[in-house]
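Peer 1: Got a predicted structure here, sequence first:
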Amino acid sequence: MPQLIVTTRTGETQTVEAPANVTAMEAIRDSGIDELLALCGGVCSCATCHIHVDPAFAGLLPAMSEDENELLDASSHRTANSRLACQIRLTDSMSGLRLTIAEED
């Protein structure tokens, strides 16, 4: 079961366990962290699940789609490590994935 290390906007860190094959967005939302709005429910249409992924884990993530890239372009908080949590489907090899919830636009 993959574990995520999530840092909130207030700097608090929480370990979240989730079954493989759910998205990082679902894992964070289901853990009770309410900073991640995920208004569209995970269909890559709102960018309210914007996160920053620890660069050490970048190679484990799926490639970014054009839709995800365009949504992130609209954020004033985008960095080289920005992703949408709804587009990261967790695998056992991602256990320990560190991410930070991005500032709200």
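Peer 2: Structure's in. What do you need?
Peer 1: My guess is residue 26 contacts residue 42. True?
Peer 2: Yes. With contact defined as CB atoms under 8 Å, residue 26 counts as touching residue 42 (6.7 Å). In this view, the C-beta of every residue, glycine as well, is placed from N, C-alpha and C.
Peer 1: got any residues that touch both of the two?
Peer 2: residue 86 (CB atoms under 8 Å, 6 or more residues apart in numbering).
Peer 1: can you pull the buried residues of stretch 98-105?
Peer 2: Applying a neighbour-count criterion of 16 or more other CB atoms under 10 Å, one finds 99, 100, 101, 102 buried in stretch 98-105.
Peer 1: Pick the one among those closest to residue 47.
Peer 2: residue 102 (9.2 Å; CB to CB).
Peer 1: Could you find the closest non-adjacent residue to that closest one?
Peer 2: residue 50 (4.0 Å; CB to CB, 6 or more residues apart in numbering).
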